[in-house]
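K.L.:
Fold the following, please.
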Amino acid sequence: MPDQSMVPIDQILPNKLPLVALMGRPIFPGIFTPIMIGNPPDVKVIDDAVSGDALIGLVMLRNETETPSITDLYQVGTVAKIVKKINLPDGGVNIFISTLKRFRVKKTLHAQAPIAAAVEYLEDEEDNTSEVKGLTRALISEMKQISENNPLFSEEMRLNMINIDHPGKIADFITSILNIDKTEQQKILEILNVRKRMEQVLVFIKKEQELLRIQKRIQKEINEKIEKSQRDYFLKEELKAIKTELGMTTDAKSSEYQRFKEKIDAFKFEGEIKEAVEQELEKFSLMEPNSGEFTVTRNYLDVIVSLPWNDPPPEIFDLKNAREILDADHYGLKDVKSRIAEYLAVRKLRNLVQNGKGQKVQQNSQKAPQKAAPPGLGRGFDQYPAGSIICLVGPPGVGKTSVGRSIARSLGKEFFRFSVGGMRDEAEIKGHRRTYIGAMPGKIIQGLKITKTRDPVFMIDEIDKMGASYQGDPASALLEVLDPEQNYAFRDHYLDLPFDISQVFFIVTANTLDTIPMPLLDRMEIIELPGYIDTEKLEIAKRYLVPKSLEKNGLKKNQAKYTKDSLLHIANGYAREAGVRNFEKNLDKIHRKLAMQIIETTEAGTENEKAKSKASSVSSDQHSFAVDKKAVEKHLGKPIFPGDVVKRADKPGMSLGLAWTSMGGDTLIIEAVASPGKGELILTGKMGDTMKESASIAMTVARKAGIEKYGVASEWFEKNQIHLHIPEGATPKDGPSAGITMATALLSLIRGKNIAGRLAMTGELSLTGQVLPIGGLKEKTVAARRNQVKDIIIPKHNLRDLDDIPDHVKKGINFHPVERFEEVLGLALPD
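P.N.:
Purely as a prediction, here's the structure:
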C-alpha cells in the first residue's frame, strides 16, 4: 500500500547503496509491503542496513540464479527503508519496507554478494497538462471497473488508489497490482515521463479488461453447466424417491438386475450352470455401472438369458405335407427328399414311443434289456437325435443352400445360415474367451440366440473352403459341434457352460469333399447333388426360374411366354454348366430388356399433355412377348456354346474322355500326333503329376499292344516322337481317371483309325492292362449326356454307382463295364 507519511528526503538519501536482488517482480516507489529474504548474503545485507540507516536498494534479476552478481541485475531499481525486521526459524528474515524513490546504478562498488553500487536518484518528468489529468481520470475509472469485477481487490486498495494525488504514483500503484508480466512492469519502472507511463499503463488495463470479459464469459458458461447438472441431479433424486414410494426400480442397473434375476429363476438351472450364473449375477449387483467389467458381465448375462435353455415344444410332424413342400420348392433331388422323409419318419416314431403310443411297435423290443446311457452323458439312448447332420455336396448353382431353407420350412423349424468359407479363426465357431470387452460368443451360440429355439435347422455353407492360421483351426473346432456323442454338452469359450445342441439339425454344404478333413467328414452323412441336364433345366426354368425372374424384373406372369425350344436353347447355348445360376442370369437379362421395351413403348405415346395423362394410365399388362429361339438370340447375342459344336473324336489319334471338376462333370478331348523324332513322349495341356504318370503308363500299354496285337514295328516308336495334348491348355488338369482315354488315343494314332462315334470313356489303367475304378460317375454321365454321347465305357467296379444315377439321366445312354484294356479296344477300335 502507499506510504502516506513519506516526505522529501533527497538530501538524506545516500549515494551508495547495498543492493538486494529480487527474484519476482519489481517494487515501485510509494509502496509499503513485506518481503521475505532467505539468501544468506542478502540476510547479512539486511542486518548491516538495520544497524545503520536502514536503507537498501531493490533491483530485479534479469535471469534467476542462486549466486547473482551485479551484471545479472537491471540498472533501474527502487530505494527502500526497512521499517521492521522479523527473524525466521530457518535463518531468513521477513522485513516490512517503505519504498521511496527510483534510482539507476552508476558504478559498481562490489560486483559479488554482498552487492554494492553508487547510484543516482531519478525524478519523474511531470507534465501538468489537461492530457495528464484526463489520463489520470481514465486510469482511475478503468481500474474502478476492474476492481468491481475482481474480488481480489480489497476496499482499502480502492480507497488508496482514489486518495493518491500524484499522477506518476497512481500509474506506479496500478502497475504493481495488475497481473502483467514482470518484464513489462520493469519497463514501466524505467519510464520517467509521467504521461508516457500512464499511457502504457492504460494499454495494460485495456488488456486486463479483455481478459476479464473472457473469464467472465467462461465462468458464466461453467456456471450454467453446473446449474444444469445440479438441476438434473435433484430431478433424478426426486424421481428416485417417487419410484421408491411406488415400489418401482430406482435405476437402470436395478432394472437390469431384476430382469436378469426373473429370467434366470424361470429357467430353473441346476448344478454347474446354476452356480456359475448365480455367481455372475451376484458380481453384477456389486459392480459400479461406470466400470468396464460391468459392461462385460451385463453382456454375458444378456447372452445367458437370451438362450433357449428349456426343452422345445413337442414336435408335430406331417410327412405328407413335408414332401409336398420339398416337391413344390425343388425339382428332382430324389436322394435329398428321401433322406428328409426318413429323418421325419424316425423322429415321429420316436415321439410315438416316448408318448406311449407306440407300444405295439415295441412289443418285441420290450423283452430285451434296456441299454444304459454311456458314462458321463447323463441321458438315455431314447434322447439321442436320429441322424441330424447332412452334408450336401455338388457344383455351384445346383441349389444346395435353397434346399436347406426348404428343409427348415418342411420341418416347421427356424432356419439359421452362416458361411465358413475363408474362415481361419476357431473363435468364430467356439467364441472368444471372456477376457476383454469386445469378446462375443461363436456362431453356434449366436444362432441359437437369434432363433430362440433349441431345435432349429443350421446351415453351414462352404465347409470345404475353411482355412487354418495361428488363430486356430475352425475345422477342428467343428468336430465337437457335429459329433452327436459330444455336442449334447457343447462348451462355447465365451459361455463356458455346457449347452445341449444335439437337437439342432445341421446341414453343411460343399463343392468337393477333397479338402474336408477326414475326421470331420466321418461325422456327416453325404448326399450328392449332381448337375442338371438340359431336360431338368427345362423343368426347373418352367416351374421356378421364369416366374421368379419375371417378378424380380417387374413383369407379370403372362407377359413373357417361352417355348420349350427357347428354354432348351438357353440351357444348351448359354448355360451349359452343371447348375442353373447362369441360366437364371440369362433369364434376368432377357426380362430386363423386355421391361425396357415396355417403358420405351409407353413413353413414346406421350406427345402432348393429354397424351401424357392417357399414357400414364397404360398398364404394363397390355404388353405380352413370345420368346422363341430367335428372340433369345436377339436379347442374348450369339450362343456361347453353339449347338453344332459338340466335342467329337473324329480323327485318328483322338479320343473323348470324361472328367470330374468342382463345377460338375465335363468332357475332354485327348489328341495325339506323331512326327519324326527319337521316341520321345511330349505332354502338353497343363497336366498335373498324376495325369503325367497316367500318360506314361498309357504310352507303355499302347506300345505293347501295338507291337504284340497289331504288328506295328518297334522301329516306328524309335523313329517318331509322340505329342499328347489336352486342349484348353490354360486350365489345370489332374486326376487318376484318364488312363484308358489316353491309351485309346495313342492306339488310334498308331493304327490310323478313328474310334467309334459318340463314344466316351473314363477309367484308370494299370501297367498290366487292368481298368481301375474312378469317382464322380454321376457328374461325368451328366456331362456325357450334355455332349450327346450314346455309349460310355466305365470300369466294372463302378457298376454299383449306376444305381445312384437317376433314370432320366441314364436314358438313351449305353454303359459298357470293362475289366481289361483289351475290352476297351474291342469297343473303341473294333477290328
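K.L.:
Give me the phi and psi for the closest residue to residue 797 other than its chain neighbours.
P.N.:
Distance criterion CB to CB, 6 or more residues apart in numbering; nearest residue to residue 797, sequence neighbours excluded, is residue 773 at 3.8 Å. (Each C-beta comes from the backbone N, C-alpha and C, glycine too.) With angles defined as degrees, to the nearest 10, residue 773 shows backbone torsions of phi -70, psi 160.
K.L.:
Touching, residue 773 and residue 798? I think so.
P.N.:
Yes. Between residue 773 and residue 798 a contact is recorded at 5.3 Å, counting by CB atoms under 8 Å.
K.L.:
just how off-centre is stretch 556-570 within its chain?
P.N.:
The chain centroid and the centroid of stretch 556-570 are separated by 43 Å, computed with CA atoms, centre = their mean, to the nearest Å.
K.L.:
Ok, stretch 35-46 next?
P.N.:
Distance, centroid of stretch 35-46 to centroid of chain: 71 Å (CA atoms, centre = their mean).
K.L.:
mind checking the longest helix of this protein?
P.N.:
Assignment by DSSP state H gives helix 194-246 as the longest helix of the chain.
K.L.:
following that one, which helix or strand comes up?
P.N.:
helix 252-267 (DSSP states H and E).
K.L.:
helices or strands up against that next one?
P.N.:
helix 271-286, helix 292-306 (3 or more CB pairs under 8 Å, 6 or more residues apart in numbering; DSSP states H and E).
K.L.:
what's the most buried one of those helices?
P.N.:
helix 292-306 (a mean of 17; mean count of other CB atoms under 10 Å).
K.L.:
Check which helices and strands it sits against.
P.N.:
Packed next to helix 292-306, using 3+ CB pairs under 8 Å, 6+ apart, are helix 252-267, helix 271-286, helix 443-451.
K.L.:
what comes into contact with the helix or strand just after the last one?
P.N.:
Read it as helix 443-451. Sequence-wise, the next helix or strand downstream of helix 443-451 (DSSP H and E) is strand 457-461. Outside strand 457-461, the residues that touch it by CB atoms under 8 Å, 6 or more residues apart in numbering are 400-401, 404-405, 407-408, 411, 413-421, 444, 447, 478, 504-509.
K.L.:
Okay, and which of the residues you listed map to strands?
P.N.:
415, 416, 417, 418, 419, 505, 506, 507, 508, 509 (DSSP state E).
K.L.:
quick one: residue 698 from residue 459, how far?
P.N.:
43 Å (CB to CB, to the nearest Å).
K.L.:
likewise residue 186?
P.N.:
85 Å.
K.L.:
quick one: which of these two has more around it?
P.N.:
Comparing residue 186 with residue 459 by other CB atoms under 10 Å, the one with more neighbours is residue 459, at 25 against 17.
K.L.:
gap between that one and residue 561?
P.N.:
Counting by CB to CB - residue 459 and residue 561 are separated by 36 Å.
K.L.:
pull the helix or strand with minimum mean pLDDT from the chain.
P.N.:
helix 609-616 (a mean of 47; mean pLDDT, DSSP states H and E).
K.L.:
name the helices or strands packed onto the very next helix or strand once past that helix?
P.N.:
Next helix or strand after helix 609-616 toward the C-terminus (DSSP H and E): strand 625-627. Other helices and strands packing on strand 625-627, by 3+ CB pairs under 8 Å, 6+ apart, are strand 560-562, helix 581-604.
K.L.:
Report the buried residues of strand 625-627.
P.N.:
Neighbour counts over strand 625-627 (16 or more other CB atoms under 10 Å) mark 625, 627 as buried.
K.L.:
in its sheet, what does the longest strand seen in the chain sit against?
P.N.:
Longest strand in the chain, counting residues (DSSP E): strand 93-110. Paired strands of strand 93-110, with direction, are strand 32-37 (antiparallel), strand 76-87 (antiparallel), strand 116-122 (antiparallel) (DSSP bridges).
K.L.:
got the CA coordinates for it in PDB?
P.N.:
Taking C-alpha atoms only, strand 93-110 is exported to PDB below (Å, rounded to 0.1, in the frame of the first residue of the first chain):
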ATOM      1  CA  VAL A  93      14.200 -12.700   7.700                       C
ATOM      2  CA  ASN A  94      10.800 -11.100   6.900                       C
ATOM      3  CA  ILE A  95      11.100  -7.300   6.600                       C
ATOM      4  CA  PHE A  96       8.500  -4.600   6.100                       C
ATOM      5  CA  ILE A  97       9.700  -1.800   3.800                       C
ATOM      6  CA  SER A  98       8.600   1.600   2.600                       C
ATOM      7  CA  THR A  99       9.800   2.300  -1.000                       C
ATOM      8  CA  LEU A 100      11.000   5.900  -1.600                       C
ATOM      9  CA  LYS A 101      12.400   6.600  -5.000                       C
ATOM     10  CA  ARG A 102      13.700   5.300  -8.300                       C
ATOM     11  CA  PHE A 103      17.500   5.000  -8.800                       C
ATOM     12  CA  ARG A 104      19.900   4.000 -11.600                       C
ATOM     13  CA  VAL A 105      23.200   2.200 -10.900                       C
ATOM     14  CA  LYS A 106      26.100   4.400 -11.900                       C
ATOM     15  CA  LYS A 107      29.100   2.500 -10.700                       C
ATOM     16  CA  THR A 108      29.800  -1.000  -9.300                       C
ATOM     17  CA  LEU A 109      31.400  -0.900  -5.900                       C
ATOM     18  CA  HIS A 110      31.100  -4.700  -5.200                       C
END
